[in-house]
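In: kindly return the folded structure for what I paste below:
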Amino acid sequence: MLDELIYKELLSIKDKAIANYQSIETDIKRWMKSKSNVSNKLDELNRTLRQRMSDQEEILLERIRDKEHTEIYTRMLKLCEDDIKRLKKEIAAITDYSATIKKRKAELKDSVDLIEQIIQEGAISDANLRLLVDSIVISEKDKKLHIKINLNAKFDCHKDCYDAEGNLTERMFIA
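Out: Below you'll find the predicted structure:
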């Protein structure tokens, strides 16, 4: 009975996994269309970063030479450091976006392929069960059977409740 419940769970997860995979495909297509713009933006940010780092060196040298106005140079250095941090963060975010999309796409593709393979077999083998399921928690409350299946994958979680005849009585999504 548990195998059947897990199999039904996989059927419901499959559609969501495919939709997530397709949304990543859309993101990648959008990314590829704007890649030249993104490359130009990265080049511009890197030029600005190099300039601000050069400015920082010049301000440091001026602060050493002009001891009278140290406070002014210190404020200028603080602004320059803040700009450098912001620029580095922006560059990292743009660079990581491409890598993150590609990594997530590969992870989802593997998950979708595994789910489709199991569904084609029509049942869950012991090996696949061990791969997919982390734990199963069964409890009873108000004469209802509560089964919580914790999968070894990143899917939305939900809890299904069944009556004594095995009919689904309640489904709730858990954050």
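
In: CA atoms for contacts and neighbours, from now on please.
Out: Noted.

In: what's the first helix or strand after the longest helix seen in the chain?
Out: In the chain, with assignment by DSSP state H, the single longest helix is helix 70-121. Remark: after helix 70-121, the chain's next helix or strand is helix 126-132, criterion DSSP states H and E.

In: residues of that next one that come out buried?
Out: Leu129, Leu132 (16 or more other Cα atoms under 10 Å).

In: and for stretch 89-105?
Out: Those would be Ile91, Ile101, Lys105, for stretch 89-105 by 16+ other Cα under 10 Å.

In: which strands and helices sit next to the one helix or strand Arg63 maps to?
Out: Take DSSP H and E as the rule and Arg63 turns out to sit in helix 35-65. If contacts are counted by 3 or more Cα pairs under 8 Å, 6 or more residues apart in numbering; DSSP states H and E, helix 35-65 sits against helix 70-121.

In: what's the closest of the buried residues of stretch 89-105 to Leu2?
Out: Each of these was scored against Leu2 by Cα to Cα, and Lys105 proved nearest at 30.2 Å.

In: in contact with the residue minimising distance to the centre of the chain, which residues?
Out: Among the residues of the chain, the one closest to the centroid is Arg104, at 6.8 Å (Cα atoms, centre = their mean). Arg104 makes contacts with Ile24, as judged by Cα atoms under 8 Å, 6 or more residues apart in numbering.

In: how far away is it from Tyr73?
Out: In this view, Arg104 and Tyr73 are 45 Å apart by Cα to Cα, to the nearest Å.

In: looking at the protein, which residue lies furthest from center?
Out: Largest centre distance within the chain, by Cα atoms, centre = their mean: Glu68, 51.1 Å.
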